[in-house]
Each structure stands twice: as structure tokens, then as C-alpha cells.
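> Based on what follows, work out the 3D shape:
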Amino acid sequence: MTELTELIGDYLAFRESRGYRPNPKAARLLHQFDTWLPTDRSDGLLFSQDDAFTWADAAEHTKQSWRDERLSVVRGFAKYLAGSGFPVGIPQGRRRPAGSRRAIPYIYTSEHIAALMAAPKDLFTPWRAATMTTLVGLLAVTGIRIGEALAARIDDLDLDRATMLIAHGKAGRQRVVCLDETTCRVLAAHIAASPKSAGKVSGPPPLLVNSHGRKLSVSNVRGAFLRMIEHADLPPRPGARPRIHDLRHSFATHTMIDAYRDGRDPAATLAALSIWLGHADPANTYWYLHAAPELAAIAAGVLEPTPKEQS
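Numbers count the residues shown, from 1 in each chain. I've put the predicted structure just below:
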């Protein structure tokens, strides 16, 4: 049994633990790919991008869709390995012009987030400033989606247990995220100061409200955030522009960076992070991390052999 054979088993088990049904076809293809790979390598990789492309295209006299499916299976495995800290080349998902591509994330540092949270007091009325500051802080420390934060209601919080129920996650999935002591104090103070709705509101009140005590709208929040970005004067990042969704990317990236620096198991951290973020497909978590050069640099430093190991 090769190292890659064991990792294939780990990958398939990880997918099933995330709610996916057993996929015999993917298992068969990955084991075929493992058998096909050369055993003597000089590049230090488990396999390269060229290996993946060459193997996918080795299925001669078949439709392009089948070759693309073979590549997709290997690509998902490669992203899992890279996110877990293994040296591997990740093939591009598309080799032909196609639809839209994902935006490059802007990874916020703690200084960037502090600047964003300081901006509202110079831009908005006191209550709107307090709400936007609380919202940005909540997104930064939990990594939840903007829609999840705006849909949250006061009774979704359990400040005694320092948890928050994400009752309206993507595709209707629910999960629970943990809150630190500082976040609990801030949320408690914000709720105590929140204006009450003048009209009738069905069900528990929203966690984040406007000056009339009503739920914030996504368009209103995005407009305010654009003004905050401009006021904070954040440094440019090649190919990326700051978005509110990038607070989620930044949370994921810094979580993995801390895992590497603290010597924690990257694979275990990645698995927990995928559940925490509410990703139905672990490939989405891998992409978050693959798109962050900061993480790649940290991982490369951890994986680089020491002089003793090289001798």
C-alpha cells in the first residue's frame, strides 16, 4: 500500500463524514490514478498538475466530458491534500474558455479590520455606526456569511454557553458556531441598546436592526460597507478588491495559518473548518485556502525540510 493509497481512503472517509454518499466511481478512478503514477519522483510532489492532465487525457476515444470528469475527481483530491499540507499540484478546473470565475479574495489583516470597524463613527449616525461596527466584528471572528448574520434573531444566541445558532444557513442547513467572551459582551451590549420596532414584528426580533428596529437589508449593508472600505483606505492587493464576503475568506485563511504556526494537524483543522463554515462540499473550503498566497507561504515553510532532514 502506497502513501497515496492511504490518503485516498482518508479523503473518501472525510467526504462521507460531511454527508456525501459513498462514491465507488470516484474511489475507482483515484485508485486507477494512483496505480498509473510513476513511483520514482524527483520533484518532491505526490503528483503534479501535468500528471493529472496527462492521466485524464489518457482515456482515448472518449468524450471530452468524461476526460473532464476524470480530471475533476483528481482535482478535488488534490485540493484536499493541499489544504491538509501535502505537497501536490492542483490542476485547473477548466482547460477551455468557459463561464465566470471566482473573484480573488482580499485577505484582511487585523489592522485592516480595525480600520474598517473605526470607519463607521466618521460616516454614519450613531446607531448605524454601532450596527455596522458590530456586524463587521461578528463576521470577522466567526466567518459566517453576511446573509446568515442578517437573518439571525436574538434567540439564536445563547450567551451563557457562548454559542450562536445559524438557523438559516445556505440551502437550509443549520449549524452552531462558538463565540469568544469579548464577542458575547459586545453582542449583549448591542442587544440592550437596540431600538424597538414601532410596528408588529412576527417572531423573535432580529439580532441586527436599523434605527426603526427592523431587520437590516443586504443592499443597505453593502452600500455602507463600500463607504467604509473607501474611508479605511486599505492597501491594494493585486487582482483583488475588498468585499464584505472576504471577511469570511480571511477568517478561514487565518484559522489555517494559526494551525500551521501552532503545530496543529492541518488536516484535522481543515475538516473542522469545513463544518464550521457550513460548506456542503469540502472543495469550497479547499478553494478558500488555495486562493490565499499567505497560507501557501506558511505551508511551504512548514513542509520545507530542515538541513538535518536533507542530509
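> CA only for contacts and neighbour counts going forward, please
OK.
> quick one: low-confidence ranges for the stretch 101-250 of the chain?
101-102, 171-172, 198-202 (pLDDT under 70).
> ok, which stretches of it are helices?
Counting by DSSP state H, counting those that start in this stretch, the stretch 101-250 of the chain has these helices, from start to end: 110-118, 120-123, 126-142, 146-151, 181-193, 218-232, 246-262.
> and Asp160, which of those helices is closest to it?
Proximity to Asp160, assessed across the helices of the stretch 101-250 of the chain by C-alpha to C-alpha, is greatest for helix 181-193 (8.7 Å).
> Check what contacts that closest one and list those residues.
The contact list for helix 181-193 (C-alpha atoms under 8 Å, 6 or more residues apart in numbering) reads Ala130, Thr131, Thr134, Leu138, Ile154, Leu159, Ala162, Leu207.
> which of these lies closest to Gly9?
Among the contacts of helix 181-193, and counting by C-alpha to C-alpha, the member closest to Gly9 is Ala162, at 35.7 Å.
> hmm, back to that, check the contacts of helix 181-193 against Val221 and report the nearest one.
Thr131 (9.7 Å).
> OK, contacts around the residue nearest to the closest one when sequence neighbours are not counted?
Of all residues not flanking Thr131 in the chain, Leu208 sits nearest, at 6.7 Å (C-alpha to C-alpha, 6 or more residues apart in numbering). With contact set as C-alpha under 8 Å, 6+ apart, Leu208 has these partners: Thr131, Leu135, Ala149, Leu150, Ala152, Arg153, Lys215, Leu216.
> Next, the contact list for the last one, please.
Contacts were defined as C-alpha under 8 Å, 6+ apart; by that measure Leu216 touches Leu150, Leu208, Val209, Asn210.
> Kindly report the same for the first one.
Taking C-alpha under 8 Å, 6+ apart as the definition of contact, the neighbours of Thr131 are His190, Leu208, Val209, Asn210.
> number of nearby residues for Tyr80?
29 (other C-alpha atoms under 10 Å).
> in which helix or strand would I find it?
According to DSSP states H and E, Tyr80 maps onto helix 64-83.
> Likewise for Thr5?
Taking DSSP H and E as the criterion, Thr5 maps to helix 3-17.
> Now that helix: buried residues?
For helix 3-17, burial by neighbour count (16 or more other C-alpha atoms under 10 Å) applies to Leu4, Ile8, Tyr11, Leu12, Phe14, Arg15.
> where does the fifth one land on pLDDT?
According to the model's per-residue confidence, Phe14 sits at a pLDDT of 86.
> now swap in the first one and tell me
According to the model's per-residue confidence, Leu4 sits at a pLDDT of 86.
> sorry, back to before: now, the most widely separated pair of the contacts of Thr131?
His190 and Asn210 (12.0 Å).
> before we move on, back to that, let me have the contacts of Thr131 in a markdown table, extended by distance to Ser250.
Below are those laid out as a markdown table (distance: C-alpha to C-alpha, whole Å):
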| residue | distance to Ser250 |
| --- | --- |
| His190 | 24 |
| Leu208 | 22 |
| Val209 | 25 |
| Asn210 | 26 |
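> What is the nearest of these to Arg175?
Leu208 (19.2 Å).
> For the closest one, give its distance to Ser217.
10 Å (C-alpha to C-alpha, to the nearest Å).
> Arg28 too?
Distance, Arg28 to Ser217, by C-alpha to C-alpha: 47 Å.
> Disregarding flanking residues, what is the spatial nearest neighbour of Lys196?
Nearest to Lys196 is Gly213, by C-alpha to C-alpha, 6+ apart, at 4.7 Å.
> Would you check that that neighbour makes contact with Trp127?
No - taking contacts as C-alpha atoms under 8 Å, Gly213 lies outside contact range of Trp127: 10.5 Å.
> Show me how the record splits the chain into domains.
3-101, 110-232 (automatic domain parsing).
> And the contacts of stretch 33-43?
By C-alpha under 8 Å, 6+ apart, stretch 33-43 touches Leu4, Thr5, Phe47, Asp51, Trp55.
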